[in-house]
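> Give the three-dimensional model of this entry:
(chains A and B)
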Amino acid sequence: MPPTWHPMHLMHRWKWSDMATVGIAGAGLLGRLIAWHLGHSDYEVHVFDAASGPHPAYDGRGAAAFSSAGMLSPLAELDRADPVVVTLGWRSIQLWEKITALLPVDNELSGVFAKGCFVRRASLLLAHRGDTSATHRLLSRSLLVSSDWPAPEVLDAKTLSALEPVLQWTGHAWRLDGEAQIQPAVTMRLLYADAHPTVCWHWNAPIEHVEPGCLRETTGRSRSFDVVFDVRGLGARTIENSTESNIDVGQLRGVRGETVWLHASGHGLTRPVRLLHPRHSVYLVPHSADRLFVGASEIETEDRSGVSVRSAMELMGAAYSVMPALAEARIDRLDRNLRPAFPDNAPRIIVESGLIRINGLFRHGWMLAPALVESALVRAKLPTFSRLDIPPVSPVTEASHG
Amino acid sequence: MDGQNTWRVAGVELASRFLLGSAGYPSPRVLMESIHAARPAVVTVGLKRAFAGGADNGFVDAIHQAALAVGARLLPNTAGCRTAREAVQLAHMARELYGTDWIKLEVVGDDYTLQPDPSELLDAARTLVADGFVVWPYCTDDLVGCRRLLDAGCPVLMPWGAPIGSGQGLLNPWALRTLRERLPDATLIVDAGIGAPSHAALALEMGYDAVLLNSAVAHAGDPVAMAEAFRLAVLAGRVAWKAGAMARQDFAVPSTPTGNYALGPRIS
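So this is what the prediction gives:
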């Protein structure tokens, strides 16, 4: 199929030749965010993706961001993630708050997202009385990170019940102040829909080769730009390693994640809840007034087939144990996708002249995306998020190479 | 010192008495670095969930390469299997893919404790031994059950120290000592439940031939440093066993004479 051009092209009078041009390989979360930002910064942007269109198919392929909970939970991620991921996570929360404030209102938003697709509200961390290992590890690691960040606050049963009456929990509970959440599907749609008319979306256009200033489609057609971004997921490993940056894209691997989407009218849950469990990590996240997201398995395989019985039972069993009212919830969707990850599960930013790569966000796409983009923009001397009225920070280098 | 540490399973000499599991690490890189620090004889890898849908992501191969780099062997395990049939099927798939007859046999009978199912375990062991496998059975510390597994042709026994992942250490030292005393010629490995290097050292001090552990390293604050700690503890425990610990007694004996006892206590 031919590339799909944004229809708004014809309605505006920009002189393409006067603008700096940007090519972006990948129309997932990073691609949309960069396109949205640079389009509004007077760049001519072309986005290429193998997907057939901007909307999710939930077929185990396509942008992993659509299959995500949208938790912006740096503290809770300390269980296993590097502290630098936490640093980036806090920065992303600041940026998402500003970015989403500029996005248009969406009629599909409801429940905790009634006022917009970003909400900052303390999340909850729960652990069974007997499950001390993960709890101890998380809390001890939270003491290692900056004292600038809020420490987990222990909740007794009465306080927990007052915060979230729909939960029935007698185990350990902590409140994680400062964390936030974002509505993934709506934000993805809005970043696309609100992109400046100078952004052109090329669907059914997988990129097979990326080099400074040039993207080559699988059809063999090469496109030249002033600067190109490679922000693909697992697709990034199809390119040869760059000798200049020593990027290890060949080491990208897919890590399977399975999720359950529930329909529960008036469920009443108002914040993300994470259940620490020694055998699996489970979180329960409200996405609207009547929809809840339960995630996620983490399996070292690139199998994209349907959700397994075991994973579905574990996820739903855990959700039901925390919130018994879910017994009569309906299963909207069983979803799965692959998280692109490097061997250390940390992302990479590579900046060369004419080429910027941001890859391997693993399961932290929403939590890291704006902070990584900001860091890459600063290094590449491209316009930062200045219109967000938030001062840029120094590029983060600890979690990235190049 | 290294000479005291070698042992053999099915004719293969193993240089370390530390066996390491590969699940639950913060990242594959931390796992690889932990393997390097542990220098284990064997690295176990669970295959059930990875095999279920195919589409390997390179994780097992990476473990295999890291194991080979330190002279360790890959030991596929059947974790997650509930029946002998499942375990046998998985063992055959593992042999086909990784070219090894060695299989760690796990057949769980209870979800809460992950306790082995003695009946299914024995059935699977008999079948796999007949099929030419070198079977490393994860079992309880039940003496009779262990004898049956030896009779089935298992070259090693791997009784639990405590439930998998619990980190409780050796919950029933009496049972473990009994196994050691009653099965003096068997190769015995404490598998599961070890939480600290001292637990591993104790198992070796009791005369166990090796220990197998996973969570104690994977879930440590610094897994790589903990892998090193376990390597040293296992070595210390084995050397202590060979050296022979002193017998306990109920009264104090000063290690340094402080007076002329032949003439009675000194009076100042």
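> what about stretch B:133-151, how long is it end to end?
Using C-alpha to C-alpha, to the nearest Å, the end-to-end distance of stretch B:133-151 comes out at 15 Å.
> try stretch A:165-177
For stretch A:165-177, the first and last residues are 18 Å from each other (C-alpha to C-alpha).
> try stretch B:137-154
7 Å.
> So which bits of stretch A:308-325 are buried?
Buried residues in stretch A:308-325, counted by 16 or more other C-beta atoms under 10 Å in any protein chain shown: A:308, A:311-312, A:314-316, A:318-323. Where C-beta positions appear, they are placed from N, C-alpha and C, glycine not excepted.
> If you could redo that for stretch A:189-199, that was the one I meant.
So for stretch A:189-199, counting by 16+ other C-beta under 10 Å, buried means A:189-192, A:195-196, A:198-199.
> could you dump it to PDB, C-alpha only?
The C-alpha trace of stretch A:189-199 is given here as PDB (Å, rounded to 0.1, in the frame of the first residue of the first chain):
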ATOM      1  CA  ARG A 189      -4.600   8.500  20.000                       C
ATOM      2  CA  LEU A 190      -4.200  12.200  21.100                       C
ATOM      3  CA  LEU A 191      -0.500  12.400  20.300                       C
ATOM      4  CA  TYR A 192      -1.400  11.200  16.800                       C
ATOM      5  CA  ALA A 193      -4.500  13.300  16.400                       C
ATOM      6  CA  ASP A 194      -3.000  16.500  17.900                       C
ATOM      7  CA  ALA A 195       0.300  16.300  15.800                       C
ATOM      8  CA  HIS A 196       0.900  19.400  13.800                       C
ATOM      9  CA  PRO A 197      -0.200  19.200  10.100                       C
ATOM     10  CA  THR A 198       3.500  19.200   9.200                       C
ATOM     11  CA  VAL A 199       3.700  15.600  10.500                       C
END
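> Adding secondary structure, distance to chain B and pLDDT, write the buried residues of stretch A:189-199 out as CSV.
As requested, these are exported to CSV (DSSP: H, G, I helix; E, B strand; the rest coil; distance: C-beta to the nearest C-beta, whole Å; pLDDT from 0 to 100):
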residue, secondary structure, distance to chain B, pLDDT
A:189, helix, 29, 95
A:190, helix, 32, 96
A:191, helix, 29, 97
A:192, helix, 29, 96
A:195, coil, 33, 95
A:196, coil, 37, 94
A:198, coil, 38, 93
A:199, strand, 33, 96
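> Export these as a markdown table, with columns for distance to residue A:46.
A markdown table is the format used below for the buried residues of stretch A:189-199 (distance: C-beta to C-beta, whole Å):
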| residue | distance to residue A:46 |
| --- | --- |
| A:189 | 20 |
| A:190 | 20 |
| A:191 | 16 |
| A:192 | 14 |
| A:195 | 12 |
| A:196 | 13 |
| A:198 | 10 |
| A:199 | 8 |
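> Please enumerate the helices of the chain.
No chain specified, so I'll use chain A. A:29-39, A:74-77, A:83-102, A:132-142, A:157-163, A:184-193, A:309-322, A:365-380 (DSSP state H).
> nope, chain B please
Secondary structure of chain B (DSSP H): helices at B:2-5, B:28-38, B:48-52, B:59-69, B:84-98, B:118-130, B:143-152, B:173-182, B:197-205, B:215-218, B:223-243.
> out of these, nearest to residue A:345?
Closest to residue A:345 of the helices of chain B, according to C-beta to C-beta: helix B:28-38, at 7.6 Å.
> Could you give me the buried positions within that closest one?
For helix B:28-38, burial by neighbour count (16+ other C-beta under 10 Å) applies to B:28-35, B:37-38.
> And stretch B:140-158, how far out from the chain middle?
Its chain's C-alpha centre and that of stretch B:140-158 lie 15 Å apart, by C-alpha atoms, centre = their mean, to the nearest Å.
> scratch that, stretch A:68-85 is what I was asking about
Per C-alpha atoms, centre = their mean, the centroid offset for stretch A:68-85 relative to its chain is 11 Å.
> how long is it end to end?
Length of stretch A:68-85, first residue to last, C-alpha to C-alpha: 17 Å.
> which parts of the stretch 251-400 of chain A sit against chain B?
Counting by C-beta under 8 Å from any C-beta of the partner chain, the stretch 251-400 of chain A comes close to chain B at A:253-256, A:278-279, A:299-305, A:308, A:310, A:341, A:343-346.
> Give me the buried subset of these.
Buried by 16+ other C-beta under 10 Å: A:253-256, A:278, A:299-304, A:308, A:341, A:343-346, out of those.
> Relative to residue B:29, how far out is the residue of the stretch 251-400 of chain A found nearest chain B?
The stretch 251-400 of chain A approaches chain B most closely through residue A:303 (2.9 Å), counting by C-beta to the nearest C-beta. According to C-beta to C-beta, to the nearest Å, residue A:303 and residue B:29 sit 22 Å apart.
> before we move on, the earlier item: just the pLDDT at the residue of the stretch 251-400 of chain A closest to chain B, thanks.
Per-residue confidence at residue A:303 stands at 91 (pLDDT).
> Repeat that for residue A:8.
The predicted local confidence for residue A:8 is 35.
> Equivalent analysis for residue A:293, please.
96.
> give the contact list for the closest residue to it other than its chain neighbours.
Nearest residue to residue A:293 in three dimensions, chain neighbours excluded: residue A:285, at 4.5 Å (C-beta to C-beta, 6 or more residues apart in numbering or on different chains). By C-beta atoms under 8 Å, 6 or more residues apart in numbering or on different chains, residue A:285 lies in contact with A:69-71, A:181, A:272-273, A:292-295.
> Show the contacting residues for the residue of the stretch 1-150 of chain A found nearest chain B.
As assessed by C-beta to the nearest C-beta, chain B sits closest to residue A:80 within the stretch 1-150 of chain A, at 4.7 Å. Contacts for residue A:80 (C-beta under 8 Å, 6+ apart) come out as A:345, B:26-27.
> my read: residue B:93 touches residue B:47, true?
Yes: at 7.2 Å, residue B:93 and residue B:47 qualify as touching, with contact defined as C-beta atoms under 8 Å.
> who's more crowded, these two?
When residue B:93 and residue B:47 are compared for neighbours, residue B:47 comes out ahead with 21 against 14, by other C-beta atoms under 10 Å in any protein chain shown.
> Check the gap between that one and residue B:60 for me.
Taking C-beta to C-beta, one finds residue B:47 at 7 Å from residue B:60.
> export the helices of chain A to TSV and tack on distance to residue B:255?
Shown next, in TSV, are the helices of chain A (distance: least, C-beta to C-beta, whole Å):
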stretch	distance to residue B:255
helix A:29-39	67
helix A:74-77	51
helix A:83-102	47
helix A:132-142	38
helix A:157-163	54
helix A:184-193	68
helix A:309-322	55
helix A:365-380	58
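> Which one of those has the poorest average confidence?
helix A:132-142 (a mean of 69).
> Quick check: the gap between residue B:64 and residue B:94.
From residue B:64 to residue B:94 the distance is 12 Å (C-beta to C-beta).
> Repeat that for residue A:360.
Distance, residue A:360 to residue B:94, by C-beta to C-beta: 29 Å.
> And for residue A:117?
For residue A:117, the distance to residue B:94 equals 46 Å [C-beta to C-beta].
> how many other residues sit next to residue A:156?
Residue A:156: 9 neighbours (other C-beta under 10 Å).
> ok, it - contacts?
Each residue near residue A:156 by C-beta under 8 Å, 6+ apart is listed here: residue A:173.
> Please apply the same query to residue B:149.
Contacts here follow C-beta under 8 Å, 6+ apart; on that basis residue B:149 touches B:121-122, B:125, B:137, B:139, B:157.
> what would those residues look like in TSV with pLDDT?
Shown next, in TSV, are the contacts of residue B:149 (pLDDT from 0 to 100):
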residue	pLDDT
B:121	96
B:122	96
B:125	97
B:137	97
B:139	96
B:157	97
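> which two in those are spaced the farthest apart?
For the contacts of residue B:149, and using C-beta to C-beta, no pair is farther apart than B:122 and B:157, which are 12.1 Å apart.
> picking up where we left off before, deepest of the helices of chain B, which one?
Mean neighbour count, computed with mean count of other C-beta atoms under 10 Å in any protein chain shown, is highest for helix B:215-218 among the helices of chain B, reaching a mean of 25.
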